[in-house]
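Q: Have a look at this prediction, sequence included:
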Amino acid sequence: MTTLSFCLLKVPSVLSASIGLALTGSAAFAACPLELAVYGDAEGAGEIDFRPTMESAVVTNTFKMVLDNSVVLDGIVMWTEGVARPHGSLMYKCPTGDVTGDELAACTVWEGVVYSADDKGNIALLPAEGVAAPKTLIFPDLGPSLQMSAAYGANGFSKVPWDVFSLKGCQE
């Protein structure tokens, strides 16, 4: 048997193993509940880690956005009344306890509807907890909003994330 023949015999098994690993990874992510999902942007500038909301009556999703220079933004999603939409907010160094609307507005660095997308590119609204994590999340105008925030610059983060985040893992 020549070296070329031997190499050709090995290709199908290596290819099968690669496909099997890819499918296993996809299946593992597909089974991940949204409240344990981890997402990342294309440039590696930001990561989103979802957390269980612990039976909140108003907040449907809770997450942390981790940026460079150890900057962490606190995120929540609440469904609006009337025309129901998942309204997301990202906050930076908000005071705790009894907080006024003005204080919350001052520390909010992004607000908007959070969208999801599937493998086929179908766009939907971010679901509440208890369902499989969507493949992609979209935070419209996130980058420009963060770049104009107090969290950006010399004392904050320096790499601005994209508006689109892809599922990259599941917390244990």
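A: Noted; the coordinates are in hand. Residues are numbered from 1 along each chain as shown.
Q: Okay, now the unreliable bits of this structure?
A: Low-confidence segments of the chain (pLDDT under 70): 1-30.
Q: Could I get the full set of helices for it?
A: 3-30, 101-107, 142-147 (DSSP state H).
Q: Specify the residue ranges that define each domain of this structure.
A: The chain resolves into domains spanning 1-30, 33-170 when parsed by automatic domain parsing.
Q: could the ones you listed be laid out in a markdown table, adding mean neighbour count?
A: C-beta here means a position set from N, CA and C on the backbone, and glycine is covered the same way. A markdown table is the format used below for these (neighbours: other C-beta atoms under 10 Å):
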| stretch | mean neighbour count |
| --- | --- |
| domain 1-30 | 10 |
| domain 33-170 | 16 |
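Q: residue contacts, the nearest residue to residue 86 once chain neighbours are set aside?
A: Using C-beta to C-beta, 6 or more residues apart in numbering and skipping residues adjacent in sequence, the residue nearest residue 86 is residue 126, 4.3 Å away. By C-beta atoms under 8 Å, 6 or more residues apart in numbering, the contact set of residue 126 is 61, 77, 86, 88, 114-116, 134, 137.
Q: how about a cut-off of 6 Å?
A: By C-beta atoms under 6 Å, 6 or more residues apart in numbering, the contact set of residue 126 is 86, 114, 116.
Q: again, but for residue 94
A: Residues in contact with residue 94 (C-beta under 6 Å, 6+ apart) are residue 107.
Q: Over to residue 79?
A: 60, 86 are the contacts of residue 79 under C-beta under 6 Å, 6+ apart.
Q: how close does it get to residue 113?
A: 10 Å (C-beta to C-beta, to the nearest Å).
Q: Cool, thanks, signing off.
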